[in-house]
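**Q** Make a model of this:
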Amino acid sequence: PSNAGIYEITKIVSIGSDSNSYTYTAYVVDANAVVDFVAEPQVGVTYSGFSIKGTLNNVSGTLYAIAGEEGEVPTLSDFRLYGQSYKITSDFVDAQFEADNDGEYYIYYAVVNPNGALTSEVYSTKISVTEISTAEQFIELATSGGDSSSIYKLTADIDFSGVQWKVGDEFKALLDGQGHTISGITVNDSSDESKGSVFFGLDGGSLMNITFKNVSLTGAKENGLFGTATGGYIGNVKLENFAVEGTERIGGLVGKVKEQSGMDLIIERVSLVNDDDHIITAGTGKYVGGLIGHMQVGGSVNSTYKVNVSISNCYVDSTVICGNSEAGGIVGKWDDGYNGVVAKSLTIDRCVFVGTVSCRSRAGGIIAYQTGSYPITITNCVSFGDIHHANSTDPIQVAEKNASGVFGGYNANAPTTVLNCYAKFAEHNANY
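**A** The predicted structure follows:
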């Protein structure tokens with residue numbers, strides 16, 4: 001091709017009676033090309049600002065963005081002087097930009113070609129603010145999943161005692177609890193996966209600065225504050241007397257982390273503190289963790305999506321139980337069992353577990369079990385909780401096969417790093 005753009009070239013090769021078709025993608029770059037989005041981009045708020053995602057007609061150039069008050073459409077000089085920039089190196093961009101997210105604002109953005117000419121229209125998106133102060137408003141937000149270009153702010157404590165809860169769509173917006181407390185939620189729904197959760201799932205949304213107290217969640221598979229997560233942010237969240245029960249993939253925060261979006265999942269400054277009447281349990285089932293129950297590819301068996309998962313500065317003081325396999329104080333199981341991998345890296349840093357883990361097979365103070373070949377890094381963690389393994393009545397006093405203070409079990413061939421961690425006893429046959 002002589003013109004700049006992205007082309008698919010198909011060639012049929014025949015040998016005798018056999019024919020095979022091969023398709024190639026050709027990227028033709030021209031410094032003077034007209035670079036633009038092929039469809040309206042998706043703009044959404046994030047915990048640190050906003051993101052712009054979309055498909056381009058070329059693989060070279062610069063995306064500029066300005067966040068501010070509504071006003072005149074920015075010129076190329078304005079973008080260069082006042083804007084933030086993102087280097088385009090692919091026909092799909094997932095650009096992250098910083099903003100305060102304190103209130104309503106406008107985002108103006110445009111694409112510049114390699115020679116510095118403005119070749120797209122100047123796009124604009126309004127970021128709105130919605131205040132939440134009643135049970136009805138909060139349920140509506142949880143049911144709809146929110147608007148990804150909206151900031152939702154909790155302006156009062158809300159008690160859901162006696163209120164019928166509704167589980168809805170995956171959460172895509174930003175919810176800032178502003179230090180307020182949600183209490184008294186009770187869910188008992190085993191009709192389908194994730195139906196026993198507060199939020200059905202987390203799909204790129206952000207949850208921050210909020211407390212959930214005296215909550216009881218009962219369901220089937222994939223239960224937690226979020227039934228599933230495909231990426232997003234959870235920060236400065238407190239779970240107090242937060243009970244979750246199900247049969248498989250159960251976690252205080254997330255039942256199951258899965259692919260489908262390719263976004264990273266960031267969890268930081270989260271605490272789970274339960275009394276003896278509130279526990280995290282998979283009953284006679286499997287895959288349970290204080291924060292995350294299970295990480296596994298959840299769609300196509302040959303999925304190319306991979307998620308970086310980061311857990312930092314978290315604290316768990318709770319009983320975590322399963323009758324079958326894989327119970328961990330922070331994470332239950334990281335699994336890539338379906339010819340795909342949900343996480344291309346898992347990092348756990350500065351986390352503390354002081355509760356109780358009990359499981360028939362594979363119990364760990366930080367993570368119960370890790371399979372696959374992708375990197376896992378655990379640093380600066382403390383595991384001083386009790387570990388019951390293989391139906392033991394008393395907690396174990398020395399590490400056993402598949403039961404240790406940090407790892408219950410792991411893949412010895414995976415890039416595994418454990419540094420500056422402390423537990424009641426040494427790990428079992430650790431080579432990391």
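**Q** tell me how far whichever strand or helix holds residue 357 is from the chain's mean position?
**A** In the assignment (DSSP states H and E), residue 357 maps to strand 356-364. Offset of strand 356-364 from its chain centre (CA atoms, centre = their mean, to the nearest Å): 24 Å.
**Q** C-terminal to it, what's the next element?
**A** strand 367-370.
**Q** tell me the mean pLDDT over that next one?
**A** What strand 367-370 shows for mean pLDDT is 94.
**Q** Given the strand holding residue 357, what are its sheet partners and their directions?
**A** Under the criterion DSSP bridges, strand 356-364 sits next to strand 319-328 (parallel), strand 386-389 (parallel), strand 403-404 (parallel) in its sheet.
**Q** For residue 67, give me its contacts.
**A** Residue 67 sits next to 49, 50, 97, 99, 105, 106, 107, 127 when contact means CB atoms under 8 Å, 6 or more residues apart in numbering. Every residue, glycine included, has its C-beta placed from N, CA and C.
**Q** Go through the strand holding residue 357 and flag the buried ones.
**A** Neighbour counts over strand 356-364 (16 or more other CB atoms under 10 Å) mark 356, 357, 358, 359, 360, 361, 362, 363, 364 as buried.
**Q** I'd guessed the fourth one sits against residue 325; true?
**A** The one in question is residue 359. Yes. Contact status for residue 359 versus residue 325: in contact at 6.6 Å, counting by CB atoms under 8 Å.
**Q** Now do the shared contacts for these two.
**A** By CB under 8 Å, 6+ apart, residue 359 and residue 325 have these common neighbours: residue 368.
**Q** And the helices in this protein, which stretches?
**A** Using DSSP state H, the helices of the chain run over 76-82, 135-144.
**Q** for the protein, what are the low-confidence residue spans?
**A** Residue ranges of the chain with pLDDT under 70: 1-8, 16, 22, 24-27, 29, 260-262, 297-306, 336-343, 431-432.
**Q** do that again at 50, thanks
**A** For the chain, the stretches with pLDDT under 50 are 1, 299-302, 339.
**Q** Please give the centre-to-centre distance between stretch 106-122 and its chain.
**A** The chain centroid and the centroid of stretch 106-122 are separated by 31 Å under CA atoms, centre = their mean.
**Q** now do stretch 354-369
**A** On CA atoms, centre = their mean, the centre of stretch 354-369 falls 22 Å from that of its chain.
**Q** again with stretch 207-227
**A** How far stretch 207-227 lies from its chain's middle: 15 Å, per CA atoms, centre = their mean.
**Q** now stretch 256-274
**A** The chain centre lies 4 Å from the centre of stretch 256-274; the measure is CA atoms, centre = their mean.
**Q** Check the separation of the first and last residues in that stretch.
**A** One end of stretch 256-274 sits 21 Å from the other (CA to CA, to the nearest Å).
**Q** which of the helices of the chain sits most buried?
**A** When these are scored by mean count of other CB atoms under 10 Å, the highest mean neighbour count falls to helix 135-144 (a mean of 17).
**Q** what's that one packed up against?
**A** The contact analysis (3 or more CB pairs under 8 Å, 6 or more residues apart in numbering; DSSP states H and E) places helix 135-144 against strand 158-159.
**Q** follow-up on the earlier one: would you mind putting the helices of the chain into TSV with distance to residue 293 alongside?
**A** Formatted as TSV, the helices of the chain follow (distance: least, CB to CB, whole Å):
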stretch	distance to residue 293
helix 76-82	45
helix 135-144	20
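**Q** contacts for the strand holding residue 357?
**A** Outside of strand 356-364, the residues within contact range by CB under 8 Å, 6+ apart are 288, 318-329, 333, 365, 368-369, 383, 385-391, 395, 402-409.
**Q** Give the buried subset of the contacts of residue 67 as a ChimeraX selection command.
**A** Burial among the contacts of residue 67 is assessed by 16+ other CB under 10 Å; the matching ChimeraX selection reads:
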select :49,50,97,99,105,107,127
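**Q** Can you tell me which of the contacts of residue 67 lies closest to residue 425?
**A** residue 49 (44.1 Å; CB to CB).
**Q** What residues sit buried inside stretch 264-275?
**A** 264, 265, 266, 267, 268, 269, 270, 271, 272, 273, 274.
**Q** likewise stretch 56-68?
**A** For stretch 56-68, a neighbour-count test (16+ other CB under 10 Å) marks 56, 57, 58, 59, 60, 61, 62, 63, 64, 65, 66, 67 as buried.
**Q** quick one, what contacts the closest residue to the last one other than its chain neighbours?
**A** The one in question is residue 67. Leaving out its chain neighbours, the residue that sits closest to residue 67 by CB to CB, 6 or more residues apart in numbering is residue 99, at 4.4 Å. By CB under 8 Å, 6+ apart, the contact set of residue 99 is 45, 48, 49, 50, 67, 105, 107, 127.
**Q** Inside strands: which ones of those residues?
**A** Counting by DSSP state E, the contacts of residue 99 place 45, 49, 50, 67, 105, 107, 127 in strands.
**Q** Any idea how far apart the tips of stretch 312-320 sit?
**A** Terminal residues of stretch 312-320 lie 19 Å apart, using CA to CA.
**Q** same question but for stretch 81-97, I mixed them up
**A** Criterion CA to CA; first-to-last residue distance in stretch 81-97 is 16 Å.
**Q** any residues touching it, and which ones?
**A** With contact meaning CB under 8 Å, 6+ apart, stretch 81-97 is reached by 6, 27, 35, 46, 48-67, 74, 79, 98, 111, 262-263.
**Q** now that stretch: how far from the chain's centre is it?
**A** Relative to its parent chain, stretch 81-97 has a centroid offset of 22 Å by CA atoms, centre = their mean.
**Q** again, but for stretch 344-356
**A** 15 Å.
**Q** one step back: give the buried subset of the contacts of strand 356-364 as a PyMOL selection command.
**A** Command for PyMOL that selects the buried part of the contacts of strand 356-364, burial taken from 16+ other CB under 10 Å:
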select buried, resi 288+318+319+320+321+322+323+324+325+326+327+328+329+333+365+368+369+383+385+387+388+389+402+403+404+405+406+407+408+409
